[in-house]
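>>> using only what follows, build the 3D model:
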Amino acid sequence: MSSSVNGLSKVINDGVEYEILGEIHEVVESLESIVGGKSAANEEVRKASKLIKQVEGVIAPYNGKEVDKIVFFALQDVRESILILAKLITGTQKSYFITKMVFASTMKNKLVAASDDLHEALGSLTFASNIHSNERLKKRVAEERAAQEKHMRRQQAILDRKFAVKDGEISPDKYTFKTPDKPFARGGTAAAFIVEYEGEEHCAKVWDVSQVTMEEREKITKTFKRELAINSKLHCKHIVHVWGCTTSDPTKLVMLMELIENGDLRVMLDNKELSKTLTIKMKIRILRDIAEAMKYLYEQNPPIEHRDLKTPNVLLTADMRAKVSDFGLSKSDVTMNTATVMSLATSGGFKGTPQWSAPEILEEGISAFTEKADMYSFGVIMFEVLTGKRPWAGQGHPQIINKVCYKKERPSPLPKVSNQALIAIMQSAWAHDKKDRPTFAGVCEAFENMDEERKAKIEKLRKAYMERKAKERLEKERLEKERLEKERLKKKEAERKARKEREDKERKANIQPPPPTPAEAGNGFKFTSNEQLKKAAKEWVQDKDKAKGKYGKIEDWDVSEVTSFHELFEEASEFNEDLSRWDVSNVTSMYCAFKKCWAFNSDLSTWNTSNCTNMERMFEECWAFNSDLSTWNTSNCTEMRGMFYGCSAFNSDLSTWNTSNCTDMYGMFNGCSAFNSDLSMWNTSNCTNMNWMFQNATSFDSDLSQWDTSKVEYKHDMFKNATAMKASHKPQGVD
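Take a look at the predicted model:
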């Protein structure tokens with residue numbers, strides 16, 4: 001009973017901790033000890049009375065505590081059960097001595113019944129408390145999530161105020177270059193430095209414009225302002241935030257932005273050592289981050305086109321999450337009505353990045369730009385991330401334009417990934433006709449579906465693993481049961497032998513033995529038909545003593561006129577009688593004669609088997625059987641299929657057996673782990689089936705290289721798991 005209330009002392013309901021539940025635990029144990037006759041009653045009953053008042057105080061409507069209804073009713077049931085049990089104990093203690101003597105048994109039964117009722121009430125309280133705790137946990141998680149979101153909004157507001165700048169312009173005296181002569185990254189005419197701004201580290205991207213004309217400088221400044229204007233409206237975790245820029249220095253332009261620790265994606269992919277650390281899961285996550293960022297841009301009103309989406313413009317955080325950057329070529333209808341695309345280099349006009357440019361942009365120019373052009377660039381990025389290769393490496397702009405626009409070629413070779421959904425997304429993204437390309441919202445949905453499919457696959461694998469483990473456990477239990485059964489039979493056989501030896505000694509010591517019975521004198525029951533013998537064998541297995549009285553001792557049975565032992569003792573698992581004196585000279589079929597007689601190990605060395613033609617499965621699964629059969633005449637036997645299947649103890653010398661007429665040896669020694677007789681002289685010229693003949697015969701290594709297997713049609717797994725068998729000893733043409 002005590003386990004039913006274990007842990008209930010910490011059940012919380014609307015901020016109220018029910019410490020009383022711990023006391024319920026203590027009192028219930030005390031009352032149980034009284035019912036069990038282990039302690040005096042007076043003190044324990046007083047405790048119970050006090051506890052009942054406390055429980056009433058908790059569940060009383062006027063105490064101001066809104067107790068959950070399920071817990072409320074469960075507590076009421078516990079109170080009633082404690083009250084009934086306490087009254088019974090008190091009544092028993094106050095009864096007169098003679099009453100106790102007469103009604104002791106009845107009172108004891110009532111006490112036990114009341115104790116059981118209390119146990120059931122406590123179980124209900126446990127269940128109710130668990131439900132109530134789970135509901136409170138859900139409520140607490142929701143409250144914590146709401147508080148966290150509120151905190152993040154407050155922090156973002158502080159951040160926005162902290163880095164608010166007028167017209168995007170930041171005075172150069174507001175930030176300090178940590179290493180002004182050592183940029184941590186460089187590309188084209190721009191270099192990236194770490195600066196300290198407002199007490200935190202940020203990235204300063206610096207362009208050298210000392211050699212450009214005033215007109216070009218104004219164009220680049222306009223580009224700066226455009227990127228800042230666009231970025232200031234964006235609040236997405238997958239987009240790099242730009243704080244502002246400095247355009248007052250005539251020799252350089254500076255853009256202050258969020259510091260992203262791992263640099264750009266292209267550098268990561270070019271680094272062989274670092275790129276090896278990118279798992280397919282990480283690559284998919286990077287691609288999803290980029291797609292989410294682009295989806296966010298096109299969800300704005302009006303939509304924002306990036307126009308320069310490529311791996312150098314994708315930055316990686318310390319935890320390998322992707323952020324899209326560089327909106328210098330972007331277009332938003334809020335900031336500009338027409339787009340003039342320019343390079344940030346020293347010359348005007350469109351120089352762009354043809355490796356990532358869509359066919360319509362290469363042919364018609366920037367005026368043809370739509371979301372589908374950014375989607376084409378995303379397809380090229382997918383190629384880079386999944387292969388690690390640069391698109392169109394070593395080829396000039398004219399060559400790229402010719403291949404992309406006119407030959408409709410794409411970067412190759414295709415990524416070698418098992419998830420073909422990734423290839424499908426990539427190929428649809430860089431489709432030649434922009435109408436065939438998806439939107440970024442569609443790509444994000446495809447990634448989401450892929451994730452659901454992956455989860456479903458993992459769940460399927462988990463279930464398959466659990467099923468396999470369950471099967472392994474069942475198989476282990478089966479093998480253990482089989483092992484124990486073998487040990488039991490082995491022990492029983494040892495006891496039988498010891499008893500037989502003891503009986504033999506006692507018989508020899510008897511100077512005047514009683515007159516022999518007809519059965520003991522060798523005049524056992526004479527069987528004249530196969531059915532008669534089979535019926536007697538069945539009766540013997542069912543009731544040995546009764547059958548002995550009817551037919552005499554089994555070792556003296558006269559079976560000389562019987563011609564078939566067909567399934568004679570099949571599945572008589574404990575049968576192990578002495579059949580050494582049986583005359584089997586007329587028996588032609590011994591099919592399954594001792595099948596699954598696990599304990600059988602009679603001496604059959606003197607049996608005359610010259611007329612037997614069928615020994616199929618004769619000793620199947622006779623685990624203990626190991627009689628000497630070396631003198632058996634098998635010259636007329638044609639069927640030996642599964643004859644010793646599973647006879648793990650069998651190792652008789654069968655080297656002189658005449659097997660010239662045998663046509664089927666399928667599984668003959670399968671599972672005979674101890675068997676290693678010399679069978680090199682066997683005549684197998686008429687055998688057609690040797691499937692699984694020595695499977696699991698782990699000790700067998702006889703030289704069979706001279707066997708004639710010319711008529712053998714079936715040799716499947718003939719030596720499977722026959723671990724001792726040398727390849728040179730196998731018959732020709734057998735693996």
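>>> use CA for all of it now, contacts and neighbours both
Noted.
>>> so for residue 44, what's the pLDDT?
Predicted confidence (pLDDT) for residue 44: 60.
>>> how does the chain divide up, domain by domain?
Domain ranges of the chain: 2-158, 172-411+426-438, per automatic domain parsing.
>>> lowest average pLDDT across these?
For the domains of the chain, where the average pLDDT is lowest is domain 2-158, sitting at a mean of 56.
>>> look at residue 680 and give its secondary structure.
Local secondary structure at residue 680 is given as coil here, using DSSP: H, G, I helix; E, B strand; the rest coil.
>>> number of nearby residues for it?
Residues near residue 680, counting by other Cα atoms under 10 Å, number 15.
>>> hang on, it packs against residue 703?
Yes - with contact defined as Cα atoms under 8 Å, residue 680 reaches residue 703; the gap is 5.6 Å.
>>> how about the helices in the stretch 501-650 of the chain?
Using DSSP state H, counting those that start in this stretch, the helices of the stretch 501-650 of the chain run over 530-542, 544-551.
>>> most neighbours per residue, which of those?
With neighbours defined by mean count of other Cα atoms under 10 Å, none of the helices of the stretch 501-650 of the chain is more surrounded on average than helix 530-542, at a mean of 16.
>>> mean confidence score for that one?
Averaged across helix 530-542, pLDDT comes to 91.
>>> quick one: the strands in the stretch 201-350 of the chain, in order.
In chain order, the stretch 201-350 of the chain shows strands spanning 242-246, 252-257, 304-305, 314-316, 322-324, 331-332, with DSSP state E, counting those that start in this stretch as the criterion.
>>> among the ones you listed, which comes closest to residue 691?
Taking Cα to Cα, strand 322-324 is the member of the strands of the stretch 201-350 of the chain nearest to residue 691, at 60.6 Å.
>>> and that closest one, what does it pack against?
The criterion is 3 or more Cα pairs under 8 Å, 6 or more residues apart in numbering; DSSP states H and E, and the helices and strands that strand 322-324 contacts are helix 280-298, strand 314-316.
>>> now for those, which one comes closest to residue 422?
Comparing the helices and strands packed on strand 322-324 by Cα to Cα, helix 280-298 comes nearest, at 8.6 Å.
>>> can you give me the buried ones in that closest one?
Judged by neighbour count (16 or more other Cα atoms under 10 Å), helix 280-298 contains these buried residues: 283-298.
>>> who's in contact with it?
236-239, 303-306, 314, 320-324, 371, 378, 382, 385-386, 440-441, 443-444, 447 (Cα atoms under 8 Å, 6 or more residues apart in numbering).
>>> CA atoms only for it, dumped as CSV, please.
Backbone C-alpha positions of helix 280-298 (Å, rounded to 0.1, in the frame of the first residue of the first chain) are rendered in CSV as follows:
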residue,chain,number,x,y,z
ILE,A,280,24.2,15.6,-44.8
LYS,A,281,22.0,16.6,-42.0
MET,A,282,24.0,19.9,-41.5
LYS,A,283,23.9,20.5,-45.2
ILE,A,284,20.2,20.2,-45.4
ARG,A,285,19.8,22.5,-42.4
ILE,A,286,22.0,25.1,-44.1
LEU,A,287,19.9,24.9,-47.3
ARG,A,288,16.7,25.1,-45.3
ASP,A,289,18.0,28.3,-43.5
ILE,A,290,18.7,29.9,-46.9
ALA,A,291,15.3,28.9,-48.2
GLU,A,292,13.6,30.3,-45.0
ALA,A,293,15.4,33.6,-45.4
MET,A,294,14.4,33.9,-49.0
LYS,A,295,10.8,32.9,-48.3
TYR,A,296,10.8,35.7,-45.6
LEU,A,297,12.0,38.3,-48.2
TYR,A,298,9.3,37.4,-50.7
